[in-house]
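Trainee: make a model of this:
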Amino acid sequence: MGSRKLVDRVLNFMGFEEEPEQVQQEDRPQGEKAADPRRKATVVNLHAPRQVRVVVVEPKSFDEAQGIAEHLKNRRPVIVNLEHVETEVARRIVDFVSGAAFALNGSQQKVGGGIFLFVPNNVDIEGDPQESERGGIFPWMKS
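Mentor: Numbering: from 1, shown residues only. The predicted structure follows:
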């Protein structure tokens, strides 16, 4: 008898329940509505993969730094390629975008020579940052 109740509960939980007996109108307190037992709850998938768009930018001048920060504000990871930019301009761009990432609780990592990954706070970077031969994440910094 106990296993029958368990099966009934499982079937009720899944929505395969038997028709309930109708409650007499006089048994119900006035103003209280009867719940529809066949009404099903909305199913929400909590593990639905969300597509993340990664933006790749190769700025030519400091004027493009604000656009990179806008991508971070819109919660998009950005790969910045500074290989073909003068060192002083690259430093200013990295400083500006690093400040924006910091203000947005994001993070950054050097991926390669002159290539940086900036991510908003909804993205985690796994792995150890690559240390350049000159030491540190920025090649122009002295230890």
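
Trainee: buried ones in stretch 116-125, by neighbour count?
Mentor: For stretch 116-125, a neighbour-count test (16 or more other Cβ atoms under 10 Å) marks 116, 117, 118, 119, 120, 123 as buried. For every residue, glycine as well, the C-beta is placed using N, CA and C.

Trainee: surely residue 92 touches residue 65?
Mentor: Yes. Using Cβ atoms under 8 Å, residue 92 is in contact with residue 65, at 7.3 Å.

Trainee: between those two, which has more neighbouring residues?
Mentor: A count of neighbours by other Cβ atoms under 10 Å puts residue 65 above the other of residue 92 and residue 65, at 21 against 15.

Trainee: which is the next helix or strand following the helix or strand containing that one?
Mentor: Applying DSSP states H and E as the criterion places residue 65 in helix 65-73. The first helix or strand that comes after helix 65-73 along the chain, using DSSP H and E, is strand 78-81.

Trainee: any residues touching stretch 89-101, and which ones?
Mentor: Contact with stretch 89-101 is made by 59, 61-62, 64-66, 68-69, 72-73, 78, 80, 82, 85, 106-108, 114, 116, 118-120, 138, 140, as judged by Cβ atoms under 8 Å, 6 or more residues apart in numbering.
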